[in-house]
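# With the sequence up front, the predicted model follows.
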Amino acid sequence: MPEGHTLFALARDLHEAFAGTRPVVTSPQGRFEAGAGEVSGRELLHATSRGKHLFLEFDGERWVHVHLGLIGTFTVDAREWTAEAAAVGAVRMRMATDEHVAELRGPNLCAVVTPEEVTAVLDRLGPDPLRPDADPDRAWARISRSGRSIGELLMDQAVLAGVGNVYRSEVLFRHRLSPFTEGRAVRRASWRLVWDDLVRLLPLGVATGRIVSVEEQVLEVEAALGRGERPRLTERTSAVYKHAGEPCPRCGSRIRTQVVAGRNLFWCGRCQRRR
DNA sequence: AGGTGATGGTCAC
DNA sequence: TGACCCTCACCTG
(Lines give C-alpha, C1' and ligand atoms only; values in the text may rest on other atoms or scores of the structure.)
Protein backbone atom coordinates (compact mmCIF):
# COMPACT_ATOMS: atom_id res chain seq x y z
CA MET A 1 0.00 0.00 0.00
CA PRO A 2 1.11 3.41 -0.93
CA GLU A 3 3.93 5.11 0.88
CA GLY A 4 7.07 6.01 -1.06
CA HIS A 5 8.44 2.46 -1.11
CA THR A 6 5.30 1.20 -2.91
CA LEU A 7 5.64 3.75 -5.68
CA PHE A 8 9.34 3.08 -6.07
CA ALA A 9 8.75 -0.65 -6.49
CA LEU A 10 5.88 0.03 -8.84
CA ALA A 11 7.97 2.32 -11.04
CA ARG A 12 10.64 -0.36 -11.15
CA ASP A 13 8.14 -3.08 -12.12
CA LEU A 14 6.46 -0.91 -14.74
CA HIS A 15 9.83 0.03 -16.18
CA GLU A 16 10.94 -3.58 -16.40
CA ALA A 17 7.69 -4.68 -18.00
CA PHE A 18 7.04 -1.81 -20.40
CA ALA A 19 10.09 0.37 -21.05
CA GLY A 20 10.98 0.20 -24.74
CA THR A 21 7.55 -1.15 -25.71
CA ARG A 22 4.49 0.47 -27.23
CA PRO A 23 1.67 -0.66 -24.97
CA VAL A 24 -1.99 -0.38 -25.82
CA VAL A 25 -3.43 2.01 -23.25
CA THR A 26 -7.15 2.04 -22.51
CA SER A 27 -9.56 3.15 -19.80
CA PRO A 28 -12.19 0.43 -19.29
CA GLN A 29 -13.79 2.58 -16.59
CA GLY A 30 -13.90 5.50 -19.01
CA ARG A 31 -12.54 8.28 -16.84
CA PHE A 32 -9.13 8.30 -18.53
CA GLU A 33 -10.31 7.68 -22.07
CA ALA A 34 -8.94 10.85 -23.68
CA GLY A 35 -5.59 10.56 -21.90
CA ALA A 36 -5.28 6.89 -22.78
CA GLY A 37 -5.91 7.68 -26.40
CA GLU A 38 -3.15 10.26 -26.32
CA VAL A 39 -0.43 7.84 -25.21
CA SER A 40 -1.65 4.51 -26.56
CA GLY A 41 0.77 3.02 -29.05
CA ARG A 42 3.57 5.40 -28.10
CA GLU A 43 6.84 4.08 -26.76
CA LEU A 44 7.15 4.09 -22.99
CA LEU A 45 10.59 5.55 -22.30
CA HIS A 46 10.76 5.59 -18.51
CA ALA A 47 8.75 4.84 -15.41
CA THR A 48 9.94 6.71 -12.33
CA SER A 49 8.71 7.75 -8.91
CA ARG A 50 9.35 10.64 -6.59
CA GLY A 51 7.83 10.35 -3.17
CA LYS A 52 4.30 9.11 -3.71
CA HIS A 53 4.09 10.34 -7.29
CA LEU A 54 4.51 8.08 -10.30
CA PHE A 55 5.49 9.26 -13.76
CA LEU A 56 5.35 7.36 -17.03
CA GLU A 57 7.24 9.08 -19.81
CA PHE A 58 5.98 8.33 -23.30
CA ASP A 59 7.47 9.27 -26.61
CA GLY A 60 6.44 12.71 -27.85
CA GLU A 61 6.84 14.58 -24.52
CA ARG A 62 3.74 13.06 -23.03
CA TRP A 63 3.88 12.00 -19.41
CA VAL A 64 1.26 10.17 -17.40
CA HIS A 65 1.18 11.45 -13.84
CA VAL A 66 -0.33 9.03 -11.32
CA HIS A 67 -1.03 9.45 -7.64
CA LEU A 68 -2.58 6.45 -5.93
CA GLY A 69 -3.95 8.37 -2.99
CA LEU A 70 -5.12 6.30 -0.08
CA ILE A 71 -6.97 3.59 -1.95
CA GLY A 72 -5.45 3.31 -5.39
CA THR A 73 -3.80 0.13 -6.65
CA PHE A 74 -1.65 -0.53 -9.67
CA THR A 75 -0.92 -4.15 -10.60
CA VAL A 76 1.65 -5.41 -13.07
CA ASP A 77 1.20 -8.98 -14.26
CA ALA A 78 2.26 -11.43 -16.91
CA ARG A 79 -0.27 -11.54 -19.71
CA GLU A 80 -2.00 -14.80 -18.91
CA TRP A 81 -3.32 -13.55 -15.57
CA THR A 82 -5.16 -10.60 -17.01
CA ALA A 83 -8.67 -12.02 -17.35
CA GLU A 84 -8.74 -12.87 -13.67
CA ALA A 85 -7.29 -9.54 -12.58
CA ALA A 86 -9.69 -7.55 -14.73
CA ALA A 87 -12.70 -9.18 -13.10
CA VAL A 88 -12.44 -6.97 -10.01
CA GLY A 89 -13.12 -3.26 -9.77
CA ALA A 90 -13.15 -0.38 -12.19
CA VAL A 91 -9.95 -0.09 -14.16
CA ARG A 92 -9.01 3.54 -14.71
CA MET A 93 -6.03 2.78 -16.87
CA ARG A 94 -5.00 -0.44 -18.50
CA MET A 95 -1.67 -0.83 -20.25
CA ALA A 96 -1.00 -3.97 -22.23
CA THR A 97 1.57 -5.61 -24.46
CA ASP A 98 1.74 -9.21 -25.62
CA GLU A 99 3.84 -9.95 -22.54
CA HIS A 100 2.42 -7.85 -19.72
CA VAL A 101 -0.62 -6.01 -18.50
CA ALA A 102 -0.88 -3.31 -15.86
CA GLU A 103 -4.13 -2.14 -14.28
CA LEU A 104 -4.72 1.01 -12.28
CA ARG A 105 -7.71 1.26 -9.96
CA GLY A 106 -9.01 4.01 -7.70
CA PRO A 107 -6.17 6.53 -8.06
CA ASN A 108 -6.39 10.03 -6.70
CA LEU A 109 -4.94 11.27 -9.95
CA CYS A 110 -4.23 9.92 -13.42
CA ALA A 111 -3.58 12.49 -16.12
CA VAL A 112 -1.48 13.17 -19.19
CA VAL A 113 0.80 16.13 -18.45
CA THR A 114 3.55 18.12 -20.16
CA PRO A 115 7.23 18.03 -19.16
CA GLU A 116 6.76 21.49 -17.63
CA GLU A 117 3.98 20.19 -15.43
CA VAL A 118 6.16 17.28 -14.33
CA THR A 119 8.90 19.73 -13.38
CA ALA A 120 6.41 21.81 -11.42
CA VAL A 121 5.35 18.75 -9.41
CA LEU A 122 8.94 17.74 -8.71
CA ASP A 123 9.79 21.28 -7.64
CA ARG A 124 7.30 21.26 -4.84
CA LEU A 125 8.39 17.91 -3.43
CA GLY A 126 11.06 17.58 -0.76
CA PRO A 127 13.93 15.09 -0.97
CA ASP A 128 13.02 11.41 -1.34
CA PRO A 129 15.14 9.12 0.88
CA LEU A 130 15.03 6.44 -1.83
CA ARG A 131 16.97 8.58 -4.27
CA PRO A 132 20.74 8.48 -3.92
CA ASP A 133 21.05 12.14 -4.90
CA ALA A 134 18.52 13.33 -2.31
CA ASP A 135 19.72 16.13 -0.05
CA PRO A 136 18.56 15.86 3.58
CA ASP A 137 19.70 19.44 4.23
CA ARG A 138 16.86 20.67 2.04
CA ALA A 139 14.44 19.08 4.49
CA TRP A 140 16.44 20.30 7.44
CA ALA A 141 16.27 23.88 6.18
CA ARG A 142 12.51 23.76 6.55
CA ILE A 143 12.30 21.66 9.70
CA SER A 144 14.78 23.80 11.63
CA ARG A 145 12.80 26.97 10.89
CA SER A 146 9.37 25.55 11.62
CA GLY A 147 7.08 25.98 14.59
CA ARG A 148 5.05 22.99 13.40
CA SER A 149 5.57 19.67 15.15
CA ILE A 150 7.89 17.03 13.74
CA GLY A 151 4.86 14.72 13.55
CA GLU A 152 3.28 17.15 11.10
CA LEU A 153 6.46 17.95 9.22
CA LEU A 154 7.24 14.32 8.42
CA MET A 155 3.89 14.06 6.62
CA ASP A 156 4.45 17.21 4.58
CA GLN A 157 5.60 16.09 1.13
CA ALA A 158 7.14 19.50 0.49
CA VAL A 159 9.49 18.88 3.44
CA LEU A 160 10.43 15.35 2.46
CA ALA A 161 8.77 13.06 -0.06
CA GLY A 162 7.63 9.50 0.44
CA VAL A 163 7.06 9.18 4.18
CA GLY A 164 3.46 8.37 5.05
CA ASN A 165 1.50 7.62 8.15
CA VAL A 166 3.17 4.32 9.02
CA TYR A 167 6.78 5.40 8.56
CA ARG A 168 6.02 8.60 10.45
CA SER A 169 4.96 6.86 13.66
CA GLU A 170 7.59 4.16 13.37
CA VAL A 171 10.62 6.31 12.69
CA LEU A 172 9.76 8.68 15.53
CA PHE A 173 9.46 5.69 17.85
CA ARG A 174 12.77 4.27 16.69
CA HIS A 175 14.52 7.49 17.66
CA ARG A 176 12.55 8.17 20.84
CA LEU A 177 11.38 11.48 19.46
CA SER A 178 8.17 13.03 20.64
CA PRO A 179 5.88 13.70 17.66
CA PHE A 180 4.98 16.99 19.32
CA THR A 181 8.46 18.49 19.37
CA GLU A 182 8.55 21.62 17.26
CA GLY A 183 10.73 21.39 14.17
CA ARG A 184 12.98 24.19 15.34
CA ALA A 185 13.55 22.34 18.63
CA VAL A 186 14.78 19.19 16.87
CA ARG A 187 18.54 18.83 16.99
CA ARG A 188 20.35 18.57 13.71
CA ALA A 189 21.97 15.30 14.79
CA SER A 190 18.54 13.86 15.57
CA TRP A 191 17.28 14.79 12.15
CA ARG A 192 20.28 13.18 10.48
CA LEU A 193 19.65 9.96 12.41
CA VAL A 194 16.03 9.99 11.29
CA TRP A 195 17.00 10.64 7.68
CA ASP A 196 19.69 7.95 7.66
CA ASP A 197 17.20 5.55 9.17
CA LEU A 198 14.69 6.27 6.41
CA VAL A 199 17.44 5.70 3.88
CA ARG A 200 17.92 2.32 5.51
CA LEU A 201 14.26 1.37 6.01
CA LEU A 202 12.60 2.43 2.78
CA PRO A 203 14.66 0.06 0.58
CA LEU A 204 13.60 -2.80 2.84
CA GLY A 205 10.02 -1.77 2.14
CA VAL A 206 10.80 -1.82 -1.58
CA ALA A 207 12.39 -5.27 -1.30
CA THR A 208 9.68 -6.88 0.83
CA GLY A 209 6.60 -4.96 -0.22
CA ARG A 210 5.88 -4.29 3.43
CA ILE A 211 6.88 -1.67 5.95
CA VAL A 212 9.37 -3.30 8.30
CA SER A 213 10.40 -1.15 11.24
CA VAL A 214 10.83 -3.45 14.25
CA GLU A 215 14.59 -3.62 14.67
CA GLU A 216 14.87 -7.41 15.06
CA GLN A 217 12.95 -7.85 11.84
CA VAL A 218 14.93 -5.15 10.11
CA LEU A 219 18.08 -7.10 10.92
CA GLU A 220 16.54 -10.36 9.76
CA VAL A 221 15.43 -8.86 6.48
CA GLU A 222 18.81 -7.29 5.89
CA ALA A 223 20.54 -10.58 6.59
CA ALA A 224 18.22 -12.52 4.30
CA LEU A 225 18.67 -10.01 1.49
CA GLY A 226 22.44 -10.16 2.05
CA ARG A 227 22.29 -13.92 1.52
CA GLY A 228 20.15 -13.42 -1.56
CA GLU A 229 17.17 -15.07 0.10
CA ARG A 230 13.59 -13.90 0.22
CA PRO A 231 12.86 -12.71 3.73
CA ARG A 232 9.83 -14.20 5.44
CA LEU A 233 7.87 -11.92 7.68
CA THR A 234 5.63 -13.48 10.25
CA GLU A 235 5.54 -11.42 13.43
CA ARG A 236 4.21 -7.90 13.67
CA THR A 237 6.27 -5.53 11.57
CA SER A 238 5.33 -2.25 13.24
CA ALA A 239 6.26 -1.27 16.78
CA VAL A 240 3.58 1.30 17.49
CA TYR A 241 1.51 1.86 14.35
CA LYS A 242 -2.01 0.53 14.93
CA HIS A 243 -1.07 -0.79 18.38
CA ALA A 244 -2.92 1.77 20.48
CA GLY A 245 -3.55 0.59 24.03
CA GLU A 246 -1.04 -2.24 23.83
CA PRO A 247 2.18 -2.18 25.82
CA CYS A 248 5.16 -0.44 24.25
CA PRO A 249 7.64 -3.12 23.07
CA ARG A 250 10.47 -1.13 24.65
CA CYS A 251 9.17 0.03 28.02
CA GLY A 252 5.75 -1.58 28.48
CA SER A 253 3.92 1.70 28.83
CA ARG A 254 0.65 2.01 26.92
CA ILE A 255 0.90 3.07 23.29
CA ARG A 256 -1.14 6.14 22.62
CA THR A 257 -2.90 7.50 19.57
CA GLN A 258 -4.08 10.89 18.44
CA VAL A 259 -4.99 12.51 15.15
CA VAL A 260 -2.09 14.68 13.95
CA ALA A 261 -2.03 16.27 10.50
CA GLY A 262 -5.38 14.63 9.85
CA ARG A 263 -4.23 11.07 10.44
CA ASN A 264 -3.89 8.64 13.31
CA LEU A 265 -0.50 8.99 14.94
CA PHE A 266 0.81 6.35 17.35
CA TRP A 267 3.53 6.84 19.94
CA CYS A 268 4.75 5.80 23.37
CA GLY A 269 4.17 8.51 25.93
CA ARG A 270 7.07 7.37 28.06
CA CYS A 271 9.84 6.50 25.55
CA GLN A 272 9.00 9.45 23.36
CA ARG A 273 8.71 12.15 25.96
CA ARG A 274 8.97 15.73 24.83
CA ARG A 275 12.20 17.44 25.68
C1' DA B 1 -26.12 -7.48 2.88
C1' DG B 2 -24.36 -3.57 4.73
C1' DG B 3 -20.98 -0.64 7.18
C1' DT B 4 -16.40 1.03 7.99
C1' DG B 5 -11.79 2.30 7.87
C1' DA B 6 -7.34 2.56 5.25
C1' DT B 7 -0.30 3.36 4.21
C1' DG B 8 -3.19 10.35 0.65
C1' DG B 9 -4.01 14.81 -1.00
C1' DT B 10 -6.76 18.75 -2.54
C1' DC B 11 -9.86 22.23 -2.09
C1' DA B 12 -13.40 25.18 0.18
C1' DC B 13 -14.40 27.55 4.26
C1' DT C 1 -10.68 21.68 10.02
C1' DG C 2 -13.70 18.98 7.31
C1' DA C 3 -15.76 17.17 2.97
C1' DC C 4 -14.66 14.64 -0.74
C1' DC C 5 -12.49 11.44 -3.98
C1' DC C 6 -12.78 6.24 -4.82
C1' DT C 7 -11.65 0.97 -4.17
C1' DC C 8 -11.12 -2.95 -1.36
C1' DA C 9 -10.53 -5.81 2.75
C1' DC C 10 -12.45 -6.73 6.79
C1' DC C 11 -15.91 -6.58 10.10
C1' DT C 12 -20.83 -7.16 11.71
C1' DG C 13 -25.21 -9.42 11.59
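Cool, got the structure.
# quick one: contacts of stretch A:109-125?
When contacts are defined by C-beta atoms under 8 Å, 6 or more residues apart in numbering, stretch A:109-125 is touched by residues A:31-32, A:35, A:38-39, A:50-51, A:53, A:55, A:61-67, A:69, A:92-93, A:104, A:157-158, A:161. Quick note: C-beta positions are derived from backbone N, CA and C, even for glycine.
# no wait, stretch A:157-164
Applying C-beta under 8 Å, 6+ apart, the external contacts of stretch A:157-164 come out as A:2-5, A:7-8, A:50-53, A:124-130, A:136, A:139, A:142-143, A:153-155, A:171, A:195, A:198, A:202.
# Please point out which parts of it sit buried.
By neighbour count on 16 or more other C-beta atoms under 10 Å, the buried set for stretch A:157-164 is A:157, A:159-164.
# ok, now stretch A:21-37?
A:23, A:25-29, A:32, A:35-36.
# Point out the residues in the stretch 151-275 of chain A that sit beside DNA strand C.
Residues of the stretch 151-275 of chain A lying close to DNA strand C (C-beta under 7 Å from any atom of the strand) are residue A:262.
# can you map out the strands along the stretch 151-275 of chain A?
Chain-ordered strands for the stretch 151-275 of chain A, with DSSP state E, counting those that start in this stretch as the definition, fall at A:255-260, A:263-268.
# Report all helices and strands that the first one contacts.
The one in question is strand A:255-260. Strand A:255-260 is packed against strand A:263-268, with contacts defined by 3 or more C-beta pairs under 8 Å, 6 or more residues apart in numbering; DSSP states H and E.
# can we see that at 10 Å?
helix A:150-153, helix A:165-174, strand A:263-268 (3 or more C-beta pairs under 10 Å, 6 or more residues apart in numbering; DSSP states H and E).
# Residue of chain A nearest DNA strand C, please.
At 2.2 Å from DNA strand C, residue A:89 is the closest residue in chain A, using C-beta to the nearest atom of the strand.
# what about the closest residue to that residue other than its chain neighbours, neighbour count?
Residue nearest to residue A:89 in three dimensions, not counting chain neighbours: residue A:105, with 4.6 Å by C-beta to C-beta, 6 or more residues apart in numbering. Counted with other C-beta atoms under 10 Å, the neighbours of residue A:105 add up to 19.
# what does residue A:96 give?
18.
# show me what contacts the closest residue in space to it that isn't next to it in sequence?
Ranked by C-beta to C-beta, 6+ apart and with sequence neighbours excluded, the top spatial neighbour of residue A:96 is residue A:24, at 5.1 Å. Contact analysis of residue A:24 by C-beta atoms under 10 Å, 6 or more residues apart in numbering lists A:36, A:40-41, A:94-98, A:101.
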